[in-house]
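Engineer: Build me a model:
(4 chains)
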Number of protein chains: 2
Amino acid sequence: MNIELSPRSRQILEAIVEDYIATAEPVGSSAVARRHALTLSSATVRNVMANLEELGLLTSPHTSAGRIPTEKAYRLYVDSLVALRQVSREEKRQIISHCRQAGVGLSGILKETSRTLSQLSNYMGIVIAPSFTADVFRHIEFIRIGQRKILAILVSSKGALQNRLIETEDDYAPEDLVRMGNYLNDNMQGMTISQVRESILAEMASEKVQYDQMLSRALKISEQAVRDEGDEIFVEGQARILDQPEFSDAGRMKEIYQAFEQKGLLVQLLSRCMKADGVQIYIGAETSLSQSAGISLITSRFVTSSNTVGMLGVIGPTRMGYSSVIPIVDYTARMVSKLLNEV
Amino acid sequence: MNIELSPRSRQILEAIVEDYIATAEPVGSSAVARRHALTLSSATVRNVMANLEELGLLTSPHTSAGRIPTEKAYRLYVDSLVALRQVSREEKRQIISHCRQAGVGLSGILKETSRTLSQLSNYMGIVIAPSFTADVFRHIEFIRIGQRKILAILVSSKGALQNRLIETEDDYAPEDLVRMGNYLNDNMQGMTISQVRESILAEMASEKVQYDQMLSRALKISEQAVRDEGDEIFVEGQARILDQPEFSDAGRMKEIYQAFEQKGLLVQLLSRCMKADGVQIYIGAETSLSQSAGISLITSRFVTSSNTVGMLGVIGPTRMGYSSVIPIVDYTARMVSKLLNEV
DNA sequence: TGTTAGCACTCTCAACAGGCGAGTGCTATT
DNA sequence: AATAGCACTCGCCTGTTGAGAGTGCTAACA
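Structural biologist: Below is the predicted model:
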């Protein structure tokens, strides 16, 4: 849409965005003319800036301050202006070594990953573990491991495994459990795990089940076994966004932290990103996190050994170092996928 | 130590502390004289206040401001001055209903509990799940549930159960797994689970094991089964402390959030509290969290059905509503214990 | 026609001064 | 021992002023 911009305008816009990212302060015409060794006078720059303001790419906080980029400008910037930095050798080393040191266990690795993201970007690192319930159901098994304690083992068609401990009101004989397992294995093939759950719930509500206590209990247990425990989500480096001058104000801060406390919001937002491949960028209002507070989000997918998909990324101010964070997120996602698949 | 205070001094100190808690502003002599319907003039109060300041119980931020209580004063206040409020019927209702609605699962209940604590107190709610590794080892079992996937089920002497999925490099026959289990069950009786782990690690290091690949692998798996996954910890309502006027400053805020990010610190702090029964209170520097930022901590223990011990509590500013928060923490701990035991 | 130099104008910010009010400490009095 | 009175201190608020940064406009120039 903004292709009508002349090369010079684009160049100036880029300069302004980068200056503002670096300094967090409104940038004036002379600063652009000077710093960027354009062979232009400040007056010319001013004209161009006035244009850009009319196009909705810049605003001035007040008459005699410089100008700051709008979200639209950031959008244009990341879409067609930004020159991505390479991930430095040192950064690569850190990403890899951090991932490895976390040892075994998906949770451990992902937690460490979110910490690494935060450290390298100097913003907030975020990782969402692959969700299980979207996978197709393959097999379930119930094992009695104690009085009134049952272990459910659930296998998805991709080979992902999940086990869950269930405490029951009554005691069950092993053969009952086998029957329960068989029933589900026979009847629920081909559904996703969340569909399995819905189907169980539907049955529980049906009349004939209401009066069959035995069946009713069995369904109840099955339901627990396939219940969605909620995605695991790792957020690290929340304190870092306090470094950003634009968030030194307590009111804004509060808004942000409150938004983050509802992890549900984050999950919802990030599951949107799951669908597409590669790095995705959401700027300001596009994040639909806390409308006003200028937050941006850079994410990418990663894939586990069992082909489930998770999400990782960085949350920071709109005024974010896109040129370095984008490659970092990209590289980290690749590395995590690789690491998870080679085990 | 402070028993030398006259009743009147104590009364005045109490008034000051409570006023300050209510307003977050230095309280002056006339305010005390007026508000508290003492039959005293402000001048008299001033004398007493000068005394209290000399005793290190009050400070003035500057000459012509009122005075604010020191940590020492809060200590004295909670130890012998505070009149605890009753937990209101409405609060009780909320505590109970929130706990119940969380449904099954220890994690779910505890998470909901920390949220409730935060809501009722208007500060930060915190819950630490019972640690498992301090329990005495009773029984372990390994079950093969897939290619290179083993499920370890660990039972403590108190009946608490923990299961863990282990991915291995090689495949194991069921009979190997049975042997591994038997070995541990026979040799590790009477130790705590963390001792079991240490003993396994010691064996792994011993020479004769180094050359027995089979044994070495078996130990490696066992070690994973008894590894301490770190205590589960639930923190809720972080944003609430931003409501407190004393934390509207960005620098202080940052300090606090950074302290909380190292959950290790919290765990360490809270495990101290595990030992004693009843409500425990840590004021300011006593918390050994971020030295300067005036943070207080009110905690109590709770007990699960398998007799393991967890911790719950509230973190807030030193200037905290002790009179209402203490009873809330106390009551919640009792309720959680009760709820966990009646299932 | 696009670019530049110059200039008047606007607006913020920091510094300063003065008045206000809250609160204190001291002293004399009851 | 408690109180009333009083002088004093000090932070906070307000208004003012000057400096500086940046803009928009206009006229001149290539």
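Engineer: Now do stretch A:33-49: distance from first to last residue.
Structural biologist: 11 Å (CA to CA, to the nearest Å).
Engineer: now swap in stretch A:66-76 and tell me
Structural biologist: 20 Å.
Engineer: does it come close to DNA strand D?
Structural biologist: Yes - Stretch A:66-76 is in contact with DNA strand D by CB under 7 Å from any atom of the strand, via A:G66, A:R67. In short, each C-beta sits where N, CA and C put it, glycine included.
Engineer: Looking at that stretch now, give me its mean pLDDT.
Structural biologist: With pLDDT averaged residue by residue, stretch A:66-76 scores 94.
Engineer: How about stretch A:96-108?
Structural biologist: 75.
Engineer: ok, now stretch A:197-215?
Structural biologist: 84.
Engineer: could you check the distance from A:Q213 over to DNA strand D?
Structural biologist: 69 Å (CB to the nearest atom of the strand, to the nearest Å).
Engineer: Dihedrals phi and psi, A:V303?
Structural biologist: phi -130, psi 130 (degrees, to the nearest 10).
Engineer: residues contacting the closest residue in space to it that isn't next to it in sequence?
Structural biologist: Closest residue to A:V303 in three dimensions, ignoring its sequence neighbours and counting by CB to CB, 6 or more residues apart in numbering or on different chains: A:S337, at 4.8 Å. By CB atoms under 8 Å, 6 or more residues apart in numbering or on different chains, the residues touching A:S337 are A:F302, A:V303, A:T304.
Engineer: The helix or strand in which A:I150 is found and chain B in contact?
Structural biologist: A:I150 is part of strand A:149-156, with elements assigned from DSSP states H and E. Yes - against chain B, strand A:149-156 shows contacts by CB under 8 Å from any CB of the partner chain at A:K149, A:L151, A:I153, A:V155.
Engineer: Pick the one among these closest to DNA strand C.
Structural biologist: A:V155 (61.0 Å; CB to the nearest atom of the strand).
Engineer: I am assuming that closest one contacts A:V136, so please confirm or correct that.
Structural biologist: No - using CB atoms under 8 Å, A:V155 is not in contact with A:V136; the gap is 10.3 Å.
Engineer: Check which residues of stretch A:78-98 are buried.
Structural biologist: If you call a residue buried by 16 or more other CB atoms under 10 Å in any protein chain shown, then stretch A:78-98 has these buried ones: A:V78, A:L81, A:V82, A:V87, A:E91, A:Q94, A:I95, A:I96, A:H98.
Engineer: Secondary structure and distance to DNA strand C added to these, as JSON lines?
Structural biologist: Formatted as JSON lines, these follow (DSSP: H, G, I helix; E, B strand; the rest coil; distance: CB to the nearest atom of the strand, whole Å):
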{"residue": "A:V78", "secondary structure": "helix", "distance to DNA strand C": "27"}
{"residue": "A:L81", "secondary structure": "helix", "distance to DNA strand C": "20"}
{"residue": "A:V82", "secondary structure": "coil", "distance to DNA strand C": "24"}
{"residue": "A:V87", "secondary structure": "coil", "distance to DNA strand C": "37"}
{"residue": "A:E91", "secondary structure": "helix", "distance to DNA strand C": "36"}
{"residue": "A:Q94", "secondary structure": "helix", "distance to DNA strand C": "37"}
{"residue": "A:I95", "secondary structure": "helix", "distance to DNA strand C": "40"}
{"residue": "A:I96", "secondary structure": "helix", "distance to DNA strand C": "44"}
{"residue": "A:H98", "secondary structure": "helix", "distance to DNA strand C": "40"}
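Engineer: and which of the residues you listed is nearest to chain B?
Structural biologist: Comparing those against chain B with CB to the nearest CB places A:H98 closest, at 16.1 Å.
Engineer: which residue packs closest to that closest one, ignoring adjacent ones?
Structural biologist: Leaving aside its chain neighbours, A:H98 sits nearest to A:T116 (4.2 Å; criterion: CB to CB, 6+ apart).
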